[in-house]
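# quick one: sequence plus predicted model below, questions after.
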Amino acid sequence: MELSKREKIILRAIVNHYTKDGLPVGSKLLANQLPMRVSSATIRNEMVYLESLNLINKTHSSSGRVPTIKGYRYYVDHLIQPNPINKNDEDIIQKTLNGNFSKMDEIVKKSANILSDLTHYTALTLRPEQNNVRHLKGFRLVALSNYQVMAILVTDNNEVQNQIFNISKSISGDQLEAVVRLINDKLTGMSIPDVIKKLQTEIPAEITKYIHTPSGFLSTFNDVLDKAARNQFYIGGELNLLNFTDSSNTKELKSIYSLLDKTDDVSKFIDNHDGPVSVKIGNEIRNHLFNHYSLITGTYDAGQFGKGIIAVLGPTRMPYSKVIGIVSAFREELAKKLITYYNNYYHR
């Protein structure tokens, strides 16, 4: 679809005005603010044409127009002029990311909160998918009570995963210690995928020498391994959804929050993007819950340590230029911070 220069200027102005104040945009307003002299009648004719292309809609409450999903898409693809991040926001990003972090996950988690604060929307961050497969460094069990135990697993990059589970009254502390020794002797140093494979083949028979029915223990150990194997995901500003969602539709809100709590499901819909920064609008997100939302996604590259994802979820009526500028700058600063963190960690 090709628009004339004037039609592009009018569509850009409608999107910019509507995303700024949320009010339908009329021809008189545009006649006073367009960069060239055009009569209200001419603008109305152009708006009728843009409406025929389904780029804008006329509202019931006034003669003004608002962008459609198709209009936002055309604007993002052809008309947008991304704003460079302002100095204040840039300072906030650099100052916050330059804090002291003891774990890489702390950086990624903090990033979700920073992005949410800067955009006032809901932010999602996925830590780098490491190119180097993680290995098991050690495994421990800590008794919390007579029948409750915490399983603690440490990987070779010193990430710790844990899970609490109940044990049978018939299992003694000596039996559990024997199982811990077995796992550390047989599995330490192996990659997590290899550990999972061993748990499905050789290890169950070995454990039955100490625990008669080891299925509960093995299930817990598998859960902890699964946490270590998959990428960690963080959300910032979940409550910001209430600012631009129909809060009376409690069923939809509940479904959205339920989805955001599921790492695997969220990873699927934010991982579907192209290029360093991409914009998905409405049904392009491929989940009916987000037909009235937009998702701006950026990849960050931590070099040999892998690539991760940051994303901002907001209404279709979001200031795309500003948010794209923030996501673009943030992904670069986060990549620098993580590369510095990894280099310091591996050269200690």
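Thanks, I have it. Given the structure is predicted, the values throughout are model-derived calculations rather than measurements.

# show me the shaky parts of the stretch 51-200 of the chain.
61, 129-133, 157-158 (pLDDT under 70).

# all strands for it, in order.
56-58, 65-67, 122-129, 136-143, 148-155, 160-166 (DSSP state E, counting those that start in this stretch).

# which one, of those strands, ends up nearest to residue 286?
When the strands of the stretch 51-200 of the chain are compared by Cβ to Cβ, strand 122-129 sits nearest residue 286, at 15.4 Å. C-beta coordinates here come from the backbone N, C-alpha and C atoms, glycine included.

# what lines up beside the closest one in the sheet?
According to DSSP bridges, strand 122-129 forms sheet pairs with strand 233-236 (antiparallel), strand 307-315 (antiparallel).

# tell me which of those strands is the most buried.
With neighbours taken as mean count of other Cβ atoms under 10 Å, the strands paired with strand 122-129 reach their highest mean count in strand 307-315, at a mean of 23.

# quick check: angle from the next helix-or-strand element following that one to strand 307-315?
Next helix or strand after strand 307-315 toward the C-terminus (DSSP states H and E): helix 320-346. In terms of direction (axes from the mean of the first three to the mean of the last three Cα atoms, to 10 degrees), helix 320-346 departs from strand 307-315 by 150 degrees.

# can you list the buried residues in helix 320-346?
320-331, 333-335, 337-339, 341-342 (16 or more other Cβ atoms under 10 Å).

# could you tell me the end-to-end distance of stretch 27-46?
One end of stretch 27-46 sits 10 Å from the other (Cα to Cα, to the nearest Å).

# and it, how far from the chain's centre?
In this view, stretch 27-46 has its centroid 40 Å away from the chain centroid, taken as Cα atoms, centre = their mean, to the nearest Å.

# buried ones in that stretch?
Residues of stretch 27-46 classed as buried: 27, 29-31, 38, 43-44, 46 (neighbour count, 16+ other Cβ under 10 Å).

# among those residues, which are in helices?
If you go by DSSP state H, the buried residues of stretch 27-46 have 27, 29-31, 43-44, 46 in helices.

# which outside residues touch the one helix or strand residue 254 maps to?
Using DSSP H and E, the element containing residue 254 is helix 250-260. The contact list for helix 250-260, computed with Cβ atoms under 8 Å, 6 or more residues apart in numbering, reads 122, 124, 235, 238, 241-242, 245-247, 265-266, 287, 289-290.

# for the spatially most central residue of the chain, which non-adjacent residue is spatially closest?
Nearest residue to the geometric centre of the chain (Cα atoms, centre = their mean): residue 124, 2.7 Å. Excluding the flanking residues, the one nearest residue 124 by Cβ to Cβ, 6 or more residues apart in numbering is residue 311, at 4.4 Å.

# likewise for residue 135?
Nearest to residue 135 is residue 156, by Cβ to Cβ, 6+ apart, at 4.3 Å.

# separation between the one you found and residue 329?
For residue 156, the distance to residue 329 equals 33 Å [Cβ to Cβ, to the nearest Å].

# try residue 77
21 Å.

# how about residue 104?
In terms of Cβ to Cβ, residue 104 sits 21 Å off from residue 329.

# how about residue 72?
Distance, residue 72 to residue 329, using Cβ to Cβ: 22 Å.

# so who does residue 170 touch?
Neighbouring residues of residue 170 by Cβ under 8 Å, 6+ apart: residue 212.

# any idea how far residue 209 is from it?
15 Å.

# can you check residue 40 too?
To residue 209, residue 40 is 88 Å away according to Cβ to Cβ.

# sorry, back to before: which two in the ones in helices among the buried residues of stretch 27-46 are spaced the farthest apart?
Within these, 29 and 46 form the most distant pair, 13.9 Å apart (Cβ to Cβ).

# perfect, that will be all.
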